[in-house]
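>>> What follows is a predicted structure for the sequence shown.
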Amino acid sequence: MRGLATILVGFVVASTVFCGAAMAQTVSYAIVVGTNEPPRGEAGAGLRRLKYADDDAVRYFRFFSSFAARTWLLSVLDRETQGRHPDIAQHSSPPTAANLKQAVQHLAKQVQRDHQAGKHPVFYFVFSGHGARSSDGSSFLVLPDAALTRDVLYNEILSKVPDATTHVIVDACYADAVVGTRKLFGNEVDAQSVRVAPKDAVELIKRTTLRRFPNVGAIVATTANQEAHEWSKIQSGVFTHEVLSGLHGAADVNSDGKIEYSELQAFIAAANRQIKNSMAKPRVISYPPLRNLREPLFAVKWLKRGRWLTGNFSRLGHFYIELDNGQRHLDAHLRTSYSSTLIVPGETKIFVRTRDRESEIGPGQRGPIKLASLTFSKSQVSQRGSVEAAYRTALFAAPFGPTYYRGFLDSTGDVGVSFPTIQHNRAASAPPSGEKNYLGWSLVGLGAASFAASLTTGILSLKAKSDFDSTTKQKPAHEANDRYVGFGIASIATGALAVASGLAAWWLWPKKDPRVTVSAGFSGTQQVALRLTW
């Protein structure tokens, strides 16, 4: 009997350890570089100064700051950007080579500490600006005082954080040549065939492409001999707007609270599908980390703050969400049979707008906001100025949903997300804040274990009481009484723990999540059967 009690106590202790393991922390960092300046000298001939690379950087900064432990913003904000975002200029530094190197040094030390502490560090490197070619044909990203070449990216940035899962996001001309996502050589002009030994070829591929870093993934928009795509109506680069629209939840095609590379790439492809003018369509390359092809770019559970708009958005057609400062927050055209969840700022008024209707949400509304609770009225927004016809009529014109996503995967052959049948039979609930969902499930496990232990020890206590009542001998009666008292105390203690765990799980659990039911049964041989249903 004592051995059985020891096993039960160990079971409860193991459940408690499981609670701690479930709380393993993902900690994120980001370095965001945005510069409007064209390259100097011959490489910049004919290239105009960009308008919205600094705005792109600010938008990324706001997004990462909602969940990252630290975000470095390297950008000089122009007058218009500072007017739209008056609270951001104090957080930015010039995008110089020295400031970038300093940020990487601080990042590397922190990532090393996190890795040693058993945490999971995630690093984002984002660049928005010009890309160019030098006279020798090599490609680089433009910093005001230096060239960010592939060697700099690999040896002075990516190599410094080998313990972090790293995501590279670049919107610039020749970005694929700099990042090294697909091609072996950055120089695609006047290429000559050279015989290379197989051993040397493998080493060359590892050294000159992202295969050198299995922990690194990249998603880039790249154009050759063209400028980055910008659109004044969204006050942003088109690619940046598409990426952030997807990361804020619109790309989550299976509503599991995570955005994977295949989902974001398919979402962007759908957004650009109806654009006929090839000069207006960015060419997007997605390259997930080789270490895990399903590594999420972002998970909603990482958020430290924010609010959520939930519901089935299919009936809206193409819609967008705009902030009260005129900044376009996200665009989407979703077609799903179940609910989606979109992240929206919590500290500002927002507008949900379709082609001819709009609804206003005040800054005071917190937590999950149901789409069905919004009241739409005829839109008062008129077209302002002239915009490119391709963007005005075709951007986000094609709907995005599971059907499009599956067709897209058929064309690319990439590893895709799964679609559990249960997802189509229930409305998606609001995502948890911080680590509450982890803790909730952990408490359910602890409560179930305690419940089983309480019932088992209770039955053993009653059996000991029965043995005590049925014997007239002093020694057996004494032993039975000891078992009765011991198992009785254990039953009360584990029962109290089960009740406390259940109440805590109920308090932490998000509203309208699946209900968990615990049941247990006992056989005449004192075996326990425990079952969870949800």
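Now that the structure is in, tell me what you want to look at.
>>> contacts and neighbour counts: CA atoms only from here.
Will do.
>>> pLDDT of stretch 73-89, averaged?
Across stretch 73-89, pLDDT averages out at 91.
>>> Pull it out as CSV, backbone CA atoms only.
Extracted C-alpha coordinates of stretch 73-89, given in CSV (Å, rounded to 0.1, in the frame of the first residue of the first chain):
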residue,chain,number,x,y,z
LEU,A,73,14.8,50.9,-34.6
LEU,A,74,17.5,52.2,-37.0
SER,A,75,15.9,54.9,-39.1
VAL,A,76,15.8,58.7,-39.6
LEU,A,77,12.1,59.6,-39.7
ASP,A,78,11.0,62.3,-42.1
ARG,A,79,8.7,65.2,-41.0
GLU,A,80,5.5,63.4,-42.2
THR,A,81,6.4,60.2,-40.4
GLN,A,82,7.1,62.0,-37.2
GLY,A,83,3.8,63.8,-37.5
ARG,A,84,1.9,60.5,-37.8
HIS,A,85,4.0,58.8,-35.1
PRO,A,86,5.1,61.6,-32.6
ASP,A,87,6.0,59.0,-30.0
ILE,A,88,8.4,57.0,-32.1
ALA,A,89,11.3,59.4,-33.0
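>>> got the buried residues for that stretch?
In terms of neighbour count (16 or more other Cα atoms under 10 Å), stretch 73-89 has its buried residues at 73, 74, 75, 76, 77, 81, 82, 85, 88, 89.
>>> what are the ranges of the helices in this structure?
Taking DSSP state H as the criterion, the chain carries its helices at 2-22, 53-65, 79-84, 97-116, 150-156, 175-179, 198-208, 238-245, 261-272, 389-394, 402-412, 436-470, 474-508.
>>> Of those, which is nearest residue 339?
helix 402-412 (12.5 Å; Cα to Cα).
>>> That closest one - contacts with which helices or strands?
helix 261-272 (3 or more Cα pairs under 8 Å, 6 or more residues apart in numbering; DSSP states H and E).
>>> please redo it, this time with the cut-off set to 7 Å
If contacts are counted by 3 or more Cα pairs under 7 Å, 6 or more residues apart in numbering; DSSP states H and E, helix 402-412 sits against no helix or strand.
>>> Enumerate the positions of that helix that are buried.
So, applying 16+ other Cα under 10 Å, buried residues of helix 402-412: 402, 404, 405, 408, 409.
>>> now it and helix 261-272, what's the angle there?
110 degrees (axes from the mean of the first three to the mean of the last three Cα atoms, to 10 degrees).
>>> List of residues touching helix 402-412?
Helix 402-412 has contacts (Cα atoms under 7 Å, 6 or more residues apart in numbering) with 253, 266, 336, 416.
>>> And the residues you listed, which of them are buried?
Buried among the contacts of helix 402-412 (16+ other Cα under 10 Å): 253, 266, 336, 416.
>>> Show me the two of those residues that sit farthest apart.
Among the buried ones among the contacts of helix 402-412, 336 and 416 lie farthest apart (Cα to Cα), at 16.9 Å.
>>> Report the two of the buried residues of stretch 73-89 separated the most.
The span of the buried residues of stretch 73-89, defined through Cα to Cα, is set by 74 and 85 at 15.2 Å.
>>> Is residue 357 bridged to anything, and to what?
residue 378 (DSSP bridges).
>>> tell me the domain boundaries of this protein?
The record's domain parsing of the chain by automatic domain parsing lists 2-17+435-533, 26-187+197-228, 229-283+299-432.
>>> Please produce a markdown table containing the ones you listed, extended by distance to residue 289.
Output for the domains of the chain, formatted as a markdown table (distance: least, Cα to Cα, whole Å):
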| stretch | distance to residue 289 |
| --- | --- |
| domain 2-17+435-533 | 25 |
| domain 26-187+197-228 | 4 |
| domain 229-283+299-432 | 9 |
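>>> wait, which of these is closest to residue 290?
Ranked by Cα to Cα, the member of those that lies closest to residue 290 is domain 26-187+197-228, at 4.8 Å.
>>> which residues touch stretch 309-320?
Taking Cα under 7 Å, 6+ apart as the rule, stretch 309-320 contacts 330-336, 338-343, 352-354, 368-372, 396-397, 430.
>>> hmm, back to that, with pLDDT as added columns, please give the buried ones among the contacts of helix 402-412 in JSON lines.
Shown next, in JSON lines, are the buried ones among the contacts of helix 402-412 (pLDDT from 0 to 100):
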{"residue": "253", "pLDDT": "95"}
{"residue": "266", "pLDDT": "94"}
{"residue": "336", "pLDDT": "86"}
{"residue": "416", "pLDDT": "86"}
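>>> Tabulate these (JSON lines), appending distance to residue 59.
As requested, these are exported to JSON lines (distance: Cα to Cα, whole Å):
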{"residue": "253", "distance to residue 59": "23"}
{"residue": "266", "distance to residue 59": "22"}
{"residue": "336", "distance to residue 59": "27"}
{"residue": "416", "distance to residue 59": "28"}
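>>> Show me which of the residues you listed is closest to residue 240.
The nearest member of the buried ones among the contacts of helix 402-412 to residue 240, counting by Cα to Cα, is residue 266 at 15.0 Å.
>>> how about that closest one, what does it touch?
405, 408.
>>> now with 6 Å?
residue 405 (Cα atoms under 6 Å, 6 or more residues apart in numbering).
>>> What spatial separation is found between it and residue 330?
16 Å (Cα to Cα, to the nearest Å).
>>> Kindly report the same for residue 159.
On the measure of Cα to Cα, residue 159 and residue 330 end up 33 Å apart.
>>> One more: residue 96?
With the distance defined as Cα to Cα, residue 96 ends up 30 Å from residue 330.
>>> Of those two, which one has the most company?
Just comparing residue 96 and residue 330: by other Cα atoms under 10 Å the higher neighbour count belongs to residue 330, 25 against 19.
>>> Which strand residues bridge that one?
residue 321.
>>> hang on, it packs against residue 321?
Yes: with contact defined as Cα atoms under 6 Å, residue 330 counts as touching residue 321 (5.4 Å).
>>> ok, and the closest non-adjacent residue to residue 133?
Excluding its sequence neighbours, the residue lying closest to residue 133 (Cα to Cα, 6 or more residues apart in numbering) is residue 139, at 4.4 Å.
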